[in-house]
Structure formats: C-alpha cells, structure tokens
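Peer 1: 3D model of this:
(2 chains)
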Amino acid sequence: MGMNRRDFIKSCSLVAMMGLLGACRKIPLDKIAGEPSLKQFQDEVRLAMSQTKKMLDLVKVSKPGPLRIPGASSVNRFGMAIDLDLCDGCGECILACNLENNVPLVTAEEAQKGHFMHWMELRGGSPLMCAHCGNAPCEKVCPTGAASHTPDGLSTMMYKRCTGSRFCGANCPIKARKFNFNDAQKMGLARKFNNEVPLREKGVMEKCSLCLHRLQNDRLQFKTLSAEEWRGRGVTTACSDACKRRAIIFGNWLDEKSPLVREKLPT
Amino acid sequence: MFRYLMAVGLVLFLPGLYALGLSLYDGPSAWMVDSQTFWGTPISLFVFWIGLAHAGTLLSAVFVALDIKLDRRTALIAELSTLSSLVFAAIYPLMHLGVIENFYMVAPFADARGNFANVRSPLVWDFCCIAVYALLSLLFFVTHLKARKTPSLEKYRKPMAWLLFPLVLWVHTIVSLDFATTFVPEWRGAFFPVYFIAGAIFSGLALVNLILCTEGYRVRLLERLQLICSWFMCAIWIWDFMLKGSFCTSAFVFAGLFPQLRMVSVIRENKWGRVALSLSVLLGLFLERLYLVSPEFGSSATATFGWVDLGLLMFSVGGFMLVFFGARRLLDRYAESAGSYFGEVDGSDMAKAEEAEEAEREGFRGIEKTKKGFYIQPWSSEEYRQLRFPLLLGVVVTALFTLWIFEQQSFENVELSFANVIPLWYPLFAFMAALTLFVRAYFVEKSFVLHRAEKIIGGALLLCLGACAGAFFAGGASEKPVEQFVRDMDAVSGVHAEDLNRVAMVWNARCATCHGTDGRFNEKFVREYYPVPQKLDLARLDSLGVDSLVRVVWNGRNNMNSYAGRLTLDEARGLVLYMRHLAQKVPEEETEGKK
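Peer 2: Here you go, the predicted structure:
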C-alpha cells in the first residue's frame, strides 16, 4: 500500500465530512422559486380527477351523537354529509378546498404516481376527505399529541407539534392524511391564497380541517357580541360553498336547526 | 482478521454515510417508495437491528439469571454486539422523522410550555423502552467487564440479569405493538409479540454465531438454538399465511429452509458452511422485515428498492462492523492477553472453569448453595436480598409517575386508561431499580471504586444529559417571528396600505389632540396630566396585544375617555394597527432629530 496510516485516516475523515455536509438540510442549496399560478392549481385538480382510484365499499353509518371523550361539548359536533345521489363528480370542491387551505402542488413525477396533497379527492367518483372519526385511530398513535380532537368534534393537527413520524398516516383507515415530503414553499409549489391558513412546512402531516378557521372566526365574533350558546350556525366550508348542486352539507349534528340535520338526515 | 473486517466495514460505511446524509437532506422522500406506505426502509432496518440487539441480553442475562453456563468470552461478545446493534437501532427511528429536531417531543417529559407526549402512542412506549434497554445493557456490559478486576462487582450481575431478562421480552413486545395496535390488516394480530420476540432471538442468535465464526470457535448450544428458532419462525409464517394469506417467499427460503441444512454434517462442520447458514438467516430476516413494513415493495411498479435504501442498509452493516470490531480490538489491547479476558475457549475446559468459578463465588459470598439446576428459591436468594430495596423504590416511583401522568392537563380532552400507561411501567421500574442498585453499591456498600478517567467520563455524560434535558424542557421556538405575525395579523384584519389614509384621518380627528399626529405626545397639553400616557413603543404594543388595546380605546383608561359609540370596533382595531405603524416610524425620526 502506497498510503500511510495518517493519509488513510485523513482521506477517510474527508469523505465522512462530505457525507455530513450533505446532512445539513437547512442550507438552501437551491434558490427559492416563485409562486405558482392559479392555472397550475386548476390543472392539477383536473389531472387528479383523470386518475382513477379504486371503488370504495359503501357502508351505512348511524347519525353521530355527542362525542364521548372527556371534555367534549354536549351541544356541538360538527360534521359533514355528502349526498352521493346529487354529486356528479365535477371536482369544484377540490379546487375550492385547495385555494381555501393553501394546499400546495406536487412535482410532476409525484403527480404521475397519483400522489397529491389534496385534502379532498375523488375516490370511486365520490369526494372523500378526513372523516373526523369520533374515536380516531390517528390521534391514538400520534406520539406527540399533534393530532388531537377538539371538544366540538374536529380532528385537528398542530403543525408545530408534529414530528413527522407518519404513524397517523399508517394508521388512518381511509388514507386521508397527506405528508409534506417536499418543501413546497422553496420549490415554488405553494401559494398563500388564504391568509388565515398557514403554509405547512416540510416534514409534517396535514389533512382536512373542516375549515377550522371559519368556525373559529364565527365563534369569536359570536361570543363577543352575544351571551347565547354558540352553535356554529351559518358557517360553511369551502367545499360546501363550491358545490353547485348542494351535495356537500356542513353543519352541527347536535343542532336541530342545522341544515345537516334538517336536510340530510335519512328519514 | 478484525482489521480486515473493519476495512470491509469502512468500505460499506462511507457510501452508506453519504446515503444517510442525502436522506437527511431530502427528508423521507429520499427513500420513500410509496406515499401510502409512509415508512419504508428505515423502519424495516430499525426492526431488524433492534432484533439483533437481543442477542447479548438473551445470551448473557437470561443465561446468567437461569444459571446456564456460557463461557465468558461468548457472553462478552454477545453483549458487545447488543450495544453495537443498539446504536443503529436508535439511529433509524430518529432519521426517519419528518422534523428531526422535534424528536424530544416523543419523550413523556413535560416541557416549559406544558406540552406532554401522548402516552397512548406505541411510539412513546418504544422510545422509553429502547432508551432504558440501551442504558441497562451498557451498565450490564460495563459491570461484566469491570468484574474481572473488581470481583465484588460479580454479585451485582445476577440481580441485573433478573432486571434485564423481562426487559428484553418487554422491549420487543412494545416494538411489535407499533404494528399490532394499528388498523393495517397485515399488521394486526395478538400473536405479534411472540412473533417478534421469536424473530428477534432468531436473528440475534444468527448474528452471534456469525461473529463466533470470526472468533474462530463455535458454541454448539447456540447453533442448535438457532435451528430450533427457525422451526418456530416457520410455524408462525405458515400460520400467518393461513390466517391472512400474506407470505414472504424469500424470507421463508433464506431463513426457513436454508438453516435446515445444519442437519447436514458436512455443512455444519465446515466454518464457511456455518457462516453461510448465519448469513442466510440474517438476509432472510431482513427481507422479511422489509416485506412486513411495506408489503408493496415487490408488487407495485412505483415501489422500488432504490440505491438510497441500499445505502442505508450498507450504512448500518458497515457501521456495525466498524463499531463492533473496533471495540473488539480495543478490548484485546485493554486486556493483557485475550485469554485472561475472554476465558477458556475450548469446550472441554468449560466444566473445570465453571467449577472453579462456582467455588470462588460461593467462597466470597460465604453462604452455602443448596440449589441444583434450575430450581431457584426466590425469597431467600441472594439476588432477592440485593434487589429488595431497589424493587420497592422502582414500584413507588412508577406509581408516582402514573399518578402524575393522570394529572397532566393534556389528558383532559383525551381518554387515557391504565392500559395506555402499563407499557411504561416496566422500563421505568427497571431503570429506577438499576439506578438504586448502583448508587447504593457505590455510595453505601462501596463495592467498587471509579478511576479518575471514569469519573470524568461519567460526570461529562451526566452534564450532557442534564443539558439535553434542560434544552428539551425549554423547547424550540414555536412562534412565528413577531414581524411575520404582525404582517399576518394586518392581512387578516383587513387594514392594508390603502386603508391607512382613512385610519390616519380618524387618528388625526380623534386622537391627535393628546397623542400627536406622529404618535409623540402633544407635550404642552399632556404634561398637565398624571399619570403621563405611555410612550409609543413597538415592544410595548406587542406585549399588550391588539385585542386589549382595542379594549382600552373602547372603554378608556385613566385620563383617556371611552370611545365606545364614537368609533366602530373596526375603526378601533384600525387605530391600534395604525399605532404600530406610527411606532415603527418614531425611532427613525427621533434619531434624525438628534442629528
């Protein structure tokens, strides 16, 4: 061997240093790209809809009652119903959701595989998003408590608390959770259409929030102006606003006056 | 020999290090093959290495506890392989996280913000169990190593072994619960703990047998155990197939069928034959874990075992070889001769060595041993006397911890049952017991002395641990920078640049009499009053918050009148935001004025 011990160790540590340098992931090696246009978002929704997903088995579920977790509200449980007879699969709700919640685009190769960040997607022709399960499997396995339940029935995400273990995603029965594999802001895939919803960082999980911010705004306003019990009346989600055929109805399962109970309850 | 193996390890390790660096930089998308699987190679490798990490404790602790004689050299090697494997078992779950710097949030440890880990999650159980297991394994190994020079330490080995024996089973049960508690059909099943423990012991035995081949000798007992384990695994695989229809053929061939060749004497008696058998078991079990974590690996077109995945595998294999054989060479040098450190190699001398050791131990303990074979009298045994107080303390601490968890605010909105806390019991209990045992041994019984270097290392480690705990307690920054926050606030409240003129008009009409158009006081007028109004200051505005300032405008304070009815809420809010606008200007003007 032409190399002495000292040189050998030197070269080895050099290679090791190079490997470690690669590990400094906060270094912005590539330039921050600009914001994507609205048309790109529309195109992506069209692409997502053109890709067929396997049919889902439909099962009958009963009307949800009050949540059975400690501290749950006895008057509010927000939820959503989608009338599959009315829905024609136009996909307007997906675009509305993306714009409302600043859902980022994905790269071309991800799109090829059918991996989108969309909180809503069409599966078997019908819209599907997080079901906000009452006894949610994802919340049980989240190690940090980033996935948790609000007293009024929303399964929520605390992005700052998320450590990205992806256990919730692995345990979601309907695979409605999306993981931020890419730094969408840096890659120019994200755009802030709505200031009330933060852009998510790389490495955290996200999913449908049932437009939590709209509920919160309404609650704040209601509580400042009136002493009555807040029932979330009049609040809608972006997808239900966008649905021309009124197939998507958002409301409060425990409120008799809610459109959800009035219109959508099977008789 | 070890030098060449280290060189091979280095050759594997360096490209692996690059793959690791790349996957840290790119995040999970570097190796991720399918966004529906979510986990991929690192978790397969984690399960694989944590399985290998059971060799040492099984062979050493369980055998010590049950009084099965295994020569010192094999036991030490097995323990060392445990520690080296644990290093890599710990790296993978850490590096697979999306936000690695938040890993400490998994520890059930309250931080300054009052956040607490979700102890219902198997990952939290995992974190605690593996941490305690690594710590106690290290302690066990060091005790074993030091016991040669300080024979008084020998008496702590058996109590330690009794603490570690259940811990081995506990740790692997918890690892299996990561899978068994989920909703994924392939992972469900009450047999998972047994399946994982059997798999772990099987792979651990294969690793030890492989390492023994490099040492140049063999232990027939371990080879036989390996064969028996393979039958057990085959039975589980077939059962799993009949139950769910999932079957990993390559694992069955490599880890199920090939090991049966040990029954052929030509292969069994040949060193390379034994190496091949052990390697085949390890390969088969790795493939099995890969299949377990992401069943789509083989079938789906998008799921391919890329070169990053290969690099991660190489990283761990090469790293293990480096760490293990490096430590092995160090041990050789540390001891004057291998023989004095590693006992007798030849099996025929075992019996004599055993007898001598037995006599020696009985002599120094000064009690007659009445038992023979496996029979142990639990309540009168030496180990129990040793462990009595530590066990009690462990139980007390565990009970207190459980009570404390139920008091935690985080669980006010979450159903928390006893079943969720039970997985944390044993690791905590074992940790406390072992800690008490050694603190007592050092400070009260004075059974061993620490050298200066050891004291320094220990102190540095404790300091490091304390610093980490402090950093975790303080937590990372979770707030946006104030400027960003204010920008968002302005955007939300709808006061944009074009609205500024309107708000400025309101300010000039309503507020400027006292507060001045530029936010500095109208000195002539204001000095009549006491208390003097606060200076306009960005930090003060931030600390008060928009809502409370709106309330001041609305309700008045001290000499300031109430503006309810004279301003709308929106206007009041706009004025508060305008104050911020003015506050940003004030310092500039003041500095200009000084010039």
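Peer 1: CA atoms of the one helix or strand residue A:169 maps to as CSV?
Peer 2: Taking DSSP states H and E as the definition, residue A:169 sits inside helix A:167-171. Extracted C-alpha coordinates of helix A:167-171, given in CSV (Å, rounded to 0.1, in the frame of the first residue of the first chain):
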residue,chain,number,x,y,z
PHE,A,167,-47.7,6.9,12.4
CYS,A,168,-51.0,8.6,12.0
GLY,A,169,-50.8,8.1,8.2
ALA,A,170,-50.0,4.5,8.6
ASN,A,171,-53.0,4.0,10.9
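Peer 1: immediately after it, which helix or strand?
Peer 2: Next along from helix A:167-171, by DSSP H and E: strand A:178-179.
Peer 1: given that following strand, what are its sheet partners and their directions?
Peer 2: Sheet pairing of strand A:178-179 (DSSP bridges) gives strand A:205-206 (antiparallel).
Peer 1: where do the helices sit along the stretch 51-200 of chain A?
Peer 2: Taking DSSP state H, counting those that start in this stretch, the helices of the stretch 51-200 of chain A run over residues A:92-100, A:108-113, A:137-141, A:167-171.
Peer 1: do the third one and chain B meet at all?
Peer 2: In other words, helix A:137-141. Yes: using CB under 8 Å from any CB of the partner chain, helix A:137-141 reaches chain B at A:137, A:139-141. From N, CA and C alone the C-beta is placed, and that goes for glycine too.
Peer 1: what does that helix rub up against?
Peer 2: A:147-149, A:155, A:167-173, A:177, B:118, B:120-123, B:181-183, B:414 (CB atoms under 8 Å, 6 or more residues apart in numbering or on different chains).
Peer 1: switch the cut-off to 10 Å
Peer 2: Under the criterion CB atoms under 10 Å, 6 or more residues apart in numbering or on different chains, residues A:69, A:130, A:133, A:145-149, A:155-157, A:165, A:167-173, A:176-177, A:205, A:207, B:118, B:120-124, B:178, B:181-183, B:414-415, B:420 lie in contact with helix A:137-141.
Peer 1: of those, select the buried ones using a PyMOL command.
Peer 2: With 16 or more other CB atoms under 10 Å in any protein chain shown as the criterion, this PyMOL line picks the buried residues out of the contacts of helix A:137-141:
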select buried, (chain A and resi 69+130+133+145+146+147+148+149+155+157+165+167+168+169+170+171+172+176+177+205+207) or (chain B and resi 118+120+121+122+123+124+178+181+182+414+420)
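Peer 1: mind listing what residue 199 touches?
Peer 2: All of this is about chain A. Residue A:199 makes contact with A:101-104, A:159, A:180, A:184-185, A:190-192 under the criterion CB under 10 Å, 6+ apart.
Peer 1: let's do chain B instead
Peer 2: Shown in contact with residue B:199 (CB under 10 Å, 6+ apart): B:47-48, B:51, B:54, B:172, B:176, B:229, B:232-233, B:236-237, B:251, B:255, B:285, B:288-289, B:292.
Peer 1: secondary structure element for it?
Peer 2: Element membership of residue B:199, judged by DSSP H and E, is helix B:192-215.
Peer 1: for that helix, list the C-alpha coordinates in CSV.
Peer 2: The C-alpha atoms that make up helix B:192-215 are tabulated as CSV, following Å, rounded to 0.1, in the frame of the first residue of the first chain:
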residue,chain,number,x,y,z
PHE,B,192,-47.3,-10.3,17.1
PRO,B,193,-45.4,-10.0,20.3
VAL,B,194,-44.5,-13.7,20.2
TYR,B,195,-43.7,-13.5,16.6
PHE,B,196,-41.4,-10.5,17.1
ILE,B,197,-39.6,-12.0,20.1
ALA,B,198,-39.0,-15.2,18.3
GLY,B,199,-37.8,-13.3,15.2
ALA,B,200,-35.5,-11.2,17.3
ILE,B,201,-34.0,-14.1,19.2
PHE,B,202,-33.5,-16.0,15.9
SER,B,203,-31.7,-13.1,14.2
GLY,B,204,-29.7,-12.3,17.4
LEU,B,205,-28.5,-15.9,17.5
ALA,B,206,-27.6,-15.9,13.9
LEU,B,207,-25.5,-12.7,14.5
VAL,B,208,-23.7,-14.2,17.5
ASN,B,209,-23.0,-17.4,15.6
LEU,B,210,-21.7,-15.4,12.7
ILE,B,211,-19.4,-13.4,15.0
LEU,B,212,-18.2,-16.5,16.7
CYS,B,213,-17.1,-17.8,13.3
THR,B,214,-14.8,-14.7,13.0
GLU,B,215,-13.5,-15.5,16.5
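Peer 1: now do the buried residues in that helix.
Peer 2: Per 16+ other CB under 10 Å, helix B:192-215 contains these buried residues: B:192-215.
Peer 1: which regions of the stretch 51-200 of chain A lie under the pLDDT threshold?
Peer 2: Residue ranges of the stretch 51-200 of chain A with pLDDT under 70: A:52-56.
Peer 1: roughly how far does whichever residue of it sits closest to chain B sit from residue B:28?
Peer 2: Nearest residue of the stretch 51-200 of chain A to chain B: residue A:164, at 1.8 Å (CB to the nearest CB). Residue A:164 sits at a distance of 7 Å from residue B:28 (criterion: CB to CB, to the nearest Å).
Peer 1: next, show the common contact partners of these two.
Peer 2: Residues touching both residue A:164 and residue B:28 by CB under 10 Å, 6+ apart: A:179-181, A:202-203, B:96-98.
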